[in-house]
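Need coordinates for the below:
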Amino acid sequence: MAVRAGGLTRWAALRHGLTMAGLLYIGAVWLRLVPYAEPVPSYGPMFDAYGIWNAWDGGLYDIPWLEYEAYVYSPAFAQLIYPLTLLPWEAFAALWTGLAIAILFWMRVPWMLAFPGVVDDILRGNIHVFLAGVVVLAVRRQPLGAGAWALPLLTKVTPGIGILWHAVRGEWRAFVIGLGLTAGIVGASVLVAPDLWAEWIGLLVANAGSDPRIQVVPLPLLVRLPVAVAVVVVAARWDRAWLLPIGVMLALPNVWTSSLALLAAAAALWLAQRQSAEPESAKRVPEAETNSQS
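Predicted structure coming up:
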């Protein structure tokens with residue numbers, strides 16, 4: 001047992017070290033002490049978050065697809081976060097970054113701040129860490145947590161196939177909550193701004209075949225999407241929740257460096273499943289020790 005206790009202590013020390021390393025690196029980039037991406041604009045490295053904050057400055061979809069600071073999510077998402085865009089940029093950036101880091105702590109994997117995909121997503125201000133939180137919330141807090149699927153459905157759209165987890169498992173209340181909340185938000189948004197929805201759909205159609213700047217999985221969405229669905233089905237059927245974030249990641253419009261932040265959810269769910277199985281094995285240890293003493 002001493003070896004086991006020592007192992008746990010070393011693992012805890014490693015986790016804390018990785019967490020601190022990630023936090024220090026993020027802080028150093030913000031302070032311009034270490035480089036992140038060149039050229040870094042005057043507002044900092046958060047190219048994607050700046051596009052979200054600045055979305056209502058002019059037409060919602062004025063900046064062309066794939067350019068830095070372009071807003072490409074649904075009008076509903078822009079409307080929902082509009083109050084946050086009234087904050088000064090510095091406050092918005094700090095809040096966005098803080099929320100992403102807080103999600104990692106909530107998932108109990110803050111040590112993944114040292115993982116390149118995670119830190120890249122946070123420094124760019126993209127939403128993959130938030131999507132990781134959605135997956136964990138939907139699994140751990142269903143049925144109400146399933147409402148979080150509205151986030152991927154209203155932003156990157158295709159990762160919303162993760163909601164099939166509930167359908168395959170017969171969790172119909174969770175499934176209806178997820179789709180119902182999304183439909184309600186969309187309906188209200190369309191009533192307020194039907195022209196923006198027509199513009200967004202046209203933007204998606206016009207750029208469906210565009211080549212991304214960076215690809216980690218160099219396969220088109222039409223190839224990856226059936227694989228992603230299969231992974232989600234397998235995860236649900238065989239109760240392998242840690243596979244669900246991988247299926248969601250494969251369903252992204254493009255899988256690139258920041259997309260790997262979804263692996264934080266895979267780590268969180270794998271560790272939770274492992275810990276839930278520990279009590280039974282722990283019960284067998286005293287029995288084995290008792291038998292050896294007798």
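
Check whether residue 44 really touches residue 93, as I assumed.
Yes: taking Cβ atoms under 8 Å as the definition, residue 44 is a contact partner of residue 93 at 6.3 Å. All C-beta spots, glycine's among them, are computed from the backbone N, C-alpha and C.

list the residues that contact both of those two?
Listed as contacting both residue 44 and residue 93 by Cβ atoms under 8 Å, 6 or more residues apart in numbering are residue 50.

Please, which helix or strand holds residue 10?
Under the criterion of DSSP states H and E, residue 10 resides in helix 2-30.

helix or strand right after that helix?
Next helix or strand after helix 2-30 toward the C-terminus (DSSP H and E): helix 47-53.

which helices and strands sit right next to that following helix?
For helix 47-53, the packing partners by 3 or more Cβ pairs under 8 Å, 6 or more residues apart in numbering; DSSP states H and E come out as helix 82-85, helix 89-106, helix 116-124.

Please work out which of those is packed deepest.
helix 116-124 (a mean of 23; mean count of other Cβ atoms under 10 Å).

Give me the mean pLDDT for the helix or strand that that one is followed by.
Sequence-wise, the next helix or strand downstream of helix 116-124 (DSSP H and E) is helix 128-140. Here helix 128-140 scores 97 as its mean pLDDT.

Please apply the same query to stretch 217-225.
89.

Nearest spatial neighbour of residue 249, chain-adjacent residues omitted?
Closest residue in space to residue 249, ignoring its immediate chain neighbours: residue 262 at 4.2 Å, by Cβ to Cβ, 6 or more residues apart in numbering.

Could you count how many residues lie near that neighbour?
Number of residues near residue 262 (other Cβ atoms under 10 Å) recorded here: 28.

Quick check: it touching residue 131?
Yes: contact criterion Cβ under 8 Å: residue 262 and residue 131 qualify, at 6.1 Å.

Identify the contacts common to the two.
residue 248.

Now do stretch 67-86: everything it contacts.
Residues beyond stretch 67-86 that count as contacts (Cβ under 8 Å, 6+ apart) turn out to be 41, 47, 50-56, 60-61, 63-65, 92, 95, 151, 154-157, 185-186, 188-189, 192-193, 196-197, 200, 203.

Which ones among those map onto helices?
With DSSP state H as the criterion, helices contain 47, 50-53, 92, 95, 151, 154, 185-186, 188-189, 192, 196-197, 200, 203 from among the contacts of stretch 67-86.
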